[in-house]
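Engineer: Any chance you can model this:
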Amino acid sequence: MRIVIAEDSTILRQGLVELLTFRGHEVAAAVRDADELRAAVAEHRPDVSIVDIRMPPTHTDEGLRAAISLRAERPGCAILLFSQYVETKYAAQLLADRAGGVGYLLKDRVAEVSDFLDALRRVAEGETVLDPEVVSQLFTATRRTDTVDTLTPREREVLGLMAEGRSNGAIATALFLSAGSVEKYVTSIFGKLGLPQSEEDNRRVLAVLRYLDS
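Structural biologist: Alright, predicted model coming up:
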């Protein structure tokens, strides 16, 4: 296979080059940021690219966003995300087209070199390969978003003000509601978000986290 590697860690990048070369693959380019990745894919048209998610300059999601743009520009462009982190928002977007040729493995969960090489081959052949932990977190994020979507417009207004740190009294004033009405909305929000009363968790904080996650 002809492969492009995008990894900002020099040691890991060089290690992947040596491993893949030793196994008989052609590493067409090994780069350290998203811009270099785009240029390398355009030049070499690899069978598959191995892409880290967090790369310069901000080390947040540059690699993942580059992968999404590459897939949009080059349908069928095979990408194997290889990261320490699960980024649910953009990962779901990457998988949304269901076209295959996409993988997402977590660096600290790959126990055998043979498993990694097999996943790389399968992605190059058009399959979708996901670490079970990635699947679990994507499912959880999707479920949370779907739950928030069940809220009425007024409940979303109330939850939005909760996210701003406002008390029930302040929410009542802002929305010209009675304190009792706000309390009913808050109770309904907790119910729809599946947040039962608990001594261990602050339901108000958890509700806001769900809102922000959506």
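Engineer: Now do the same contact list for residue 2.
Structural biologist: Remark: with contacts taken as Cβ atoms under 8 Å, 6 or more residues apart in numbering, residue 2 is in contact with 25, 26, 28, 44, 45, 46, 47. Heads up, the C-betas are built off the backbone N, CA and C, glycines and all.
Engineer: again, but for residue 25
Structural biologist: For residue 25, the set of contacting residues under the criterion of Cβ under 8 Å, 6+ apart consists of 1, 2, 3.
Engineer: wait, is the last one part of a strand?
Structural biologist: Yes - with DSSP: H, G, I helix; E, B strand; the rest coil as the criterion, residue 3 is assigned to a strand.
Engineer: wait, doesn't it sit right on residue 41?
Structural biologist: No - between residue 3 and residue 41 there is no contact, the gap being 10.8 Å when judged by Cβ atoms under 8 Å.
Engineer: quick revisit: which pair in the contacts of residue 2 has the greatest spatial separation?
Structural biologist: For the contacts of residue 2, the maximum inter-member distance is 15.1 Å, found between 25 and 45 (Cβ to Cβ).
Engineer: Next up, the contacts around residue 208.
Structural biologist: With contact set as Cβ under 8 Å, 6+ apart, residue 208 has these partners: 159, 162, 163.
Engineer: Ignoring the adjacent residues along the chain, who's closest to the second one?
Structural biologist: Here the nearest residue to residue 162 in space, its sequence neighbours aside, is residue 208; by Cβ to Cβ, 6 or more residues apart in numbering that works out to 5.6 Å.
Engineer: Can you mark which positions in the one helix or strand the one you found maps to are buried?
Structural biologist: Element membership of residue 208, judged by DSSP states H and E, is helix 203-213. By 16 or more other Cβ atoms under 10 Å, the buried positions in helix 203-213 come out as 203, 204, 207, 208, 210, 211.
Engineer: nearest to residue 138, of those residues?
Structural biologist: For the buried residues of helix 203-213, the minimum distance to residue 138 (Cβ to Cβ) is 15.8 Å, reached by residue 210.
Engineer: can I assume the closest one is in contact with residue 148?
Structural biologist: Yes - judged on Cβ under 8 Å, residue 210 makes contact with residue 148 at a distance of 5.7 Å.
Engineer: Next, show the common contact partners of the two.
Structural biologist: Taking Cβ under 8 Å, 6+ apart as the contact rule, the neighbours common to residue 210 and residue 148 are residue 193.
Engineer: I am finished for the moment; much appreciated.
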